[in-house]
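Participant: Curious how this folds, go ahead:
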Amino acid sequence: MNTQLSTGSVKTERIAVIIIILFHAVGTIGFNLSGIDSKFLDLVPWHLLLMAGVIICSHNRPGVKFGLFALLLFTLGFVAELIGVHTNWLFGSYSYGETLGIKLFGVPLMIGVNWFLLIYATGVLMQRSRIKNIYVRIFAGALVLVLLDILIEPVAIHFDYWHWAGNTIPIKNYACWFAVSALMLFIFGKFKFPPQSKAAPVLLAMEFVFFMILGLLN
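Facilitator: Sure, this is the predicted structure:
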């Protein structure tokens, strides 16, 4: 697959990568500094919005099509969490804390942004891979996101992102993460975006590093 970008796109890619790495590094340090970690928790929603802005600006050939994709992913992610919180049909019995910010019907709006970021980043990673079969890419991408969720869960509980009934993370959560991720990655594939920059995969990699370090230190 030809992943060459224009000179302007390469410059945008470099700036995006620098911002992604810098803010994740600062966040990792801030979350582990006693006395100011609470201030960094207040910045989590703004961090997600910043990452969304960076990813949108670094998208190759943005337009109405990409806008529709982002809106669809935000909506699907939010609705999935809404169903999960209020029915326990998806993921299990859980509720959100205050870290992710403003809620609508008990679900933070930023969770929709988070789903968009994770699916887009994973979709681009799979797009840039040598895997030709779309269904193999979907399976591999969904598996990557389940592995990330395994790292996220203990950190999320510790920092009041969300909490599980009985303080037990059910296997159902990971099964549903896989299923929801696979559905959204299928949608990503159907949009047939042109080759994208490495900014999104770098974001995904930094998410792994960020939650791995926090998990080891907290």
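Participant: which secondary structure elements does the lowest-mean-pLDDT helix or strand in the chain contact?
Facilitator: One helix or strand of the chain scores below all others by mean pLDDT, DSSP states H and E: helix 37-42, with a mean of 81. Applying 3 or more CB pairs under 8 Å, 6 or more residues apart in numbering; DSSP states H and E, we find helix 37-42 packed against helix 7-30. (C-beta placed from N, C-alpha, C; glycine too.)
Participant: give me phi/psi at Asn32?
Facilitator: phi -110, psi 10 (degrees, to the nearest 10).
Participant: Once you drop chain neighbours, what's closest to it?
Facilitator: Using CB to CB, 6 or more residues apart in numbering and skipping the chain neighbours, the partner closest in space to Asn32 is Leu217 (5.4 Å).
Participant: The one you found: neighbouring residues, count only.
Facilitator: Neighbour count of Leu217, defined by other CB atoms under 10 Å: 10.
Participant: Leu68 too?
Facilitator: Leu68 sits with 11 neighbouring residues when counted by other CB under 10 Å.
Participant: which secondary structure elements does whatever helix or strand it lives in contact?
Facilitator: Secondary structure assigned from DSSP states H and E places Leu68 in helix 64-87. Here helix 64-87 touches strand 94-96, strand 107-108, helix 110-128, helix 171-191, going by 3+ CB pairs under 8 Å, 6+ apart.
Participant: Convert the C-alpha atoms of it to PDB, please.
Facilitator: C-alpha atoms of helix 64-87 as PDB (Å, rounded to 0.1, in the frame of the first residue of the first chain):
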ATOM      1  CA  VAL A  64     -17.500  15.400   5.100                       C
ATOM      2  CA  LYS A  65     -16.900  11.600   4.800                       C
ATOM      3  CA  PHE A  66     -14.400  11.700   7.700                       C
ATOM      4  CA  GLY A  67     -16.700  14.000   9.700                       C
ATOM      5  CA  LEU A  68     -19.500  11.500   9.300                       C
ATOM      6  CA  PHE A  69     -17.200   8.700  10.400                       C
ATOM      7  CA  ALA A  70     -16.100  10.500  13.500                       C
ATOM      8  CA  LEU A  71     -19.700  11.400  14.400                       C
ATOM      9  CA  LEU A  72     -20.900   7.800  13.800                       C
ATOM     10  CA  LEU A  73     -18.100   6.300  16.000                       C
ATOM     11  CA  PHE A  74     -18.700   8.800  18.700                       C
ATOM     12  CA  THR A  75     -22.400   8.000  18.700                       C
ATOM     13  CA  LEU A  76     -21.900   4.200  18.600                       C
ATOM     14  CA  GLY A  77     -19.400   4.300  21.400                       C
ATOM     15  CA  PHE A  78     -21.600   6.500  23.600                       C
ATOM     16  CA  VAL A  79     -24.700   4.400  22.900                       C
ATOM     17  CA  ALA A  80     -22.800   1.200  23.700                       C
ATOM     18  CA  GLU A  81     -21.700   2.600  27.000                       C
ATOM     19  CA  LEU A  82     -25.200   3.900  27.700                       C
ATOM     20  CA  ILE A  83     -26.600   0.400  27.200                       C
ATOM     21  CA  GLY A  84     -23.800  -1.000  29.400                       C
ATOM     22  CA  VAL A  85     -24.400   1.400  32.300                       C
ATOM     23  CA  HIS A  86     -28.100   1.200  32.400                       C
ATOM     24  CA  THR A  87     -28.800  -2.500  31.400                       C
END
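Participant: before we move on, back to that, assess the claim that the residue nearest to Asn32 and Leu33 are in contact.
Facilitator: No: using CB atoms under 8 Å, Leu217 and Leu33 do not qualify as a contacting pair, with a distance of 10.9 Å.
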